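# Build me a model from this:
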Amino acid sequence: MLQIIRGKLVIFLITLCLFVVYLGFDNNSNSDIVFYGHKTPKSVEIYLSEKNIIYKIINDQKISRGNGHFISIMVNNYRTHCGVVDINLNFFNDILYSVRLKNISKLENMEFCAKKQRVYF
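Residues are numbered from 1 along each chain as shown. Predicted structure coming up:
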C-alpha cells in the first residue's frame with residue numbers, strides 16, 4: 001500500500017515539474033517582434049512623432065501581393081546603444097516582421113551590437 005502511494009506521489013511530482021517547465025517556456029516563447037513595445041505601422045509612427053524623431057515611409061501599401069501589403073519605415077540617425085544608426089522597419093499586413101540596423105560603426109561588432117540593441121526593441 002505504501003509503495004502505491006509513493007509511486008503516485010512520484011508521478012504527481014514529475015507531472016507538476018513538467019507543467020511548471022511548460023509554463024515557463026510558454027511565457028518566454030513570445031516570438032513577436034516589437035519596436036519599443038509597438039508592432040503596427042500606426043503605433044510606430046505615433047511613437048516616433050511623440051519622440052520628435054524624423055522618419056520616412058518608403059512603401060505606403062503600394063507594394064501588394066494578393067491580399068497582403070508591405071510597408072517600410074526608415075529612421076535615419078537614430079541613437080541606440082550601438083551609436084547612431086539607420087533603422088529599417090518592415091511591416092507585412094500591419095505587423096512588424098523585421099528590424100534592420102544599418103550603418104553601424106566599423107569599430108562595433110555588428111552581431112553583438114544588434115543582439116544587445118534587440119533587448120531594448
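# Counting residues, which strand of the chain comes out longest?
Secondary structure assigned by DSSP state E gives strand 68-80 as the longest strand of the chain.
# who does that one pair up with?
Each strand paired with strand 68-80, and its direction, by DSSP bridges: strand 55-65 (antiparallel), strand 83-92 (antiparallel).
# Mind telling me which of the ones you listed the model trusts least?
When the strands paired with strand 68-80 are compared on average pLDDT, strand 55-65 comes out lowest at a mean of 71.
# Pull the contacting residues for residue 38.
By C-beta atoms under 8 Å, 6 or more residues apart in numbering, residue 38 lies in contact with 44, 46-47, 96. All C-beta spots, glycine's among them, are computed from the backbone N, C-alpha and C.
# Over to it: give its phi and psi.
Per-residue torsions, residue 38: phi -110, psi 140 (degrees, to the nearest 10).
# Specify which member of the contacts of residue 38 is nearest to residue 75.
residue 44 (9.1 Å; C-beta to C-beta).
# Look up the residues forming beta bridges with residue 73.
With DSSP bridges as the criterion, residue 73 is bridged to residue 57, residue 89.
# give the contact list for it.
41, 44-45, 48, 55-58, 88-89, 91.
# hmm, back to that, what comes up buried for the longest strand of the chain?
Using 16 or more other C-beta atoms under 10 Å as the test for burial, strand 68-80 gives 69-75, 78, 80.
# follow-up on the earlier one: which of the contacts of residue 73 has the largest number of neighbours?
Using other C-beta atoms under 10 Å as the neighbour test, these are led by residue 89, with 25 neighbours.
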